[in-house]
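**Q** Give me a model of this one.
(one chain, ligands or ions: 1)
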Amino acid sequence: MKILVANLGSTSLKWRLFEFTNGVERMLHKGGFERVSDYPRAIEDCLGQLKAAGAITQESDLAAVGFKTVLARGVNGCVRLDDPVVQAMEAFNAIAPAHNPPYVSGIRLFAQRVPEVPLVGLFETAFYQWIPEAATRYGVPDAWHQAGVRRWGYHGASHKFIAERSAELLGREDVAERARRLYQDGGTTPVREPALRVISCHLGGSSSITGIRNGVAVGNSLGLSPQSGLPHNNRVGDLDAMAVPFLLRSQGLSLEEIEKQLCREGGLKGVSGVSNDIRDIQTAADQGHPRARLALDFFVHETRRWIGAYLAQLNGADALVFTAGIGENRAETRAAICAELDQLGVVLDPERNAATRAQEAVISPPGAKVTVMVIPTNEELVVAREVKRFLEHPPA
Ligand code: AMP
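**A** Numbering: from 1, shown residues only. Down below sits the predicted model:
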């Protein structure tokens, strides 16, 4: 079975093609285009590359195209992307303005180009379907909550990958199996005592922290929108809601201008005034740029704040996992985040930490109370696996 996973941005198309045969998973092809101006052409070129590489001979070789869809009104989990679901995504465009519109238009273009191939989405909110209700709430009137103003949680594919892989690496096959089967049985696969408590730090262009107990999420730092929680590359992160009416009234900014600045001029870019890429910010900080240094400190501060939240919610942690562009590659950021947490059981081995880049590794010393790990994430594989399961066990 061949499943193409397409990652859609407003001006980018990236893909990975997976093949599943007799229990063996293989990635057959990966590629992508940046600065796309003609999306139908990009889809055509993607299919052309798959054929030229011999990964498929015709479109109907694809059992499905899978998408890491973000959120939709009244829809969650892994679902067929038919018209009502795409409309339900559109209904929440205002919550995820950087993410939903490109997915909606890209999915429609795929539907036109490969009408015979099922299109299936795994929503980024899917991993949070079982968080405690208190962790879904904001202090708003119930009508707002019913309308969708609640903590959804995102980066579900990435944190689910970490839930499974961390349990495997920690020798907890029971918990790994519960995580694997989560979307089939809602986390009821039996596990033994003691509970496995993992804090997963997805730190990249977009960042979030998830607390995971026995393979099931208890919450995520991303709330209503993928603009919340930690500061992101150029998106705001957590902000007191009263900032918006204050700016509207006192600075003469329009709602559209405020929205644009929250989504494009905020986060690390806004604080540093230098760049939305942490590598450039680090270079500027090293040259003495004070706001660049502040942006790095702010990112570390906010990450520790959320780690603290899940240390409390989980009553400690067995593992702290770093993943995504910053988490996998930046030893100095990991060291700053883990500094002076020894009373909570978090200690790094400086040499192991410095030597670890984009590979699976334990970076705490042997015998540490909390096992600190780096695990490269694989969101596309999670999507492909769930799409496969969906095709094999379609909902009644
Ligand atoms: P992601 O969204 O996961 O691709 O992560 C993007 C962020 O990770 C950017 O801020 C990059 O600066 C950072 N990043 C990605 N690759 C590296 C690397 N090799 N070394 C240091 N930082 C990196």
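**Q** Contacts only, for whatever residue of the stretch 151-300 of the chain ends up closest to the ligand.
**A** Closest to the ligand within the stretch 151-300 of the chain is residue 204: 2.5 Å, counting by CB to the nearest ligand atom. Yep, even glycine has a C-beta here, placed from its N, CA and C like the rest. Neighbour list for residue 204: 324-327 [criterion: CB atoms under 8 Å, 6 or more residues apart in numbering].
**Q** and the ligand, which of the residues you listed contact it?
**A** 324-326 (CB under 6 Å from any ligand atom).
**Q** Of those residues, just say which sits nearest to the ligand.
**A** Looking across these and measuring by CB to the nearest ligand atom, the closest to the ligand is residue 325, at 2.1 Å.
**Q** can you count the residues close to that closest one?
**A** Applying other CB atoms under 10 Å, we find 19 residues neighbouring residue 325.
**Q** So the closest residue to it other than its chain neighbours, which state does it fall into?
**A** Spatial nearest neighbour of residue 325, excluding adjacent residues (CB to CB, 6 or more residues apart in numbering): residue 204 at 4.0 Å. Secondary structure, DSSP: H, G, I helix; E, B strand; the rest coil: residue 204 is coil.
**Q** what element comes up after the helix or strand harbouring residue 247 heading to the C-terminus?
**A** Assigned by DSSP states H and E, residue 247 belongs to helix 243-250. Once the chain leaves helix 243-250, the next helix or strand it forms, by DSSP H and E, is helix 255-264.
**Q** Looking at strand pairing, list the partners for the closest residue in space to residue 46 that isn't next to it in sequence.
**A** In this structure, residue 46 finds its nearest non-sequential neighbour in residue 15, 5.6 Å apart by CB to CB, 6+ apart. Assessed by DSSP bridges, residue 15 has beta-bridge partners residue 6, residue 31.
**Q** dump the residue contacts of residue 15.
**A** Neighbour list for residue 15: 4-7, 29-32, 46 [criterion: CB under 8 Å, 6+ apart].
**Q** again, only using 6 Å
**A** Listed by CB atoms under 6 Å, 6 or more residues apart in numbering, the contact set of residue 15 reads 4, 6, 46.
**Q** Emit the ChimeraX select command for whichever of these are buried.
**A** Here is the ChimeraX command that selects the buried residues among the contacts of residue 15 (16 or more other CB atoms under 10 Å):
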select :4,6,46
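**Q** Tabulate the contacts of residue 15 in TSV, adding columns for pLDDT and distance to residue 356.
**A** Formatted as TSV, the contacts of residue 15 follow (pLDDT from 0 to 100; distance: CB to CB, whole Å):
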residue	pLDDT	distance to residue 356
4	98	32
6	98	31
46	98	33
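**Q** counting contacts, what elements does the helix or strand that contains residue 103 pack onto?
**A** Element membership for residue 103 (DSSP H and E) is helix 100-113. Secondary-structure packing of helix 100-113 (3 or more CB pairs under 6 Å, 6 or more residues apart in numbering; DSSP states H and E): strand 2-8, helix 39-52, helix 83-90.
**Q** With respect to burial, which of these scores highest?
**A** With neighbours taken as mean count of other CB atoms under 10 Å, the helices and strands packed on helix 100-113 reach their highest mean count in strand 2-8, at a mean of 24.
**Q** quick check, it touching the ligand?
**A** No - on the criterion CB under 6 Å from any ligand atom, strand 2-8 is out of touch with the ligand, staying 11.2 Å away.
**Q** From the chain's centroid, how far away is that strand?
**A** How far strand 2-8 lies from its chain's middle: 16 Å, per CA atoms, centre = their mean, to the nearest Å.
**Q** Contacts for it next, please.
**A** 14-19, 61-67, 102-103, 106, 380, 383-384, 387.
**Q** quick one: the longest helix along the chain to chain centroid distance?
**A** In the chain, with assignment by DSSP state H, the single longest helix is helix 290-313. From the chain centre to the centre of helix 290-313 is a distance of 18 Å (CA atoms, centre = their mean).
**Q** Could I get the buried residue list for that helix?
**A** For helix 290-313, using 16+ other CB under 10 Å, the buried residues are 291-296, 298-300, 302-304, 306-307, 309-311, 313.
**Q** Does that helix pack against any helices or strands, and if so which?
**A** For helix 290-313, the packing partners by 3+ CB pairs under 6 Å, 6+ apart are strand 208-213, helix 267-272, helix 278-286, helix 331-338.
**Q** Name the residues that touch the third one?
**A** Contact with helix 278-286 is made by 272, 274-275, 292-293, 295-296, 326, as judged by CB under 6 Å, 6+ apart.
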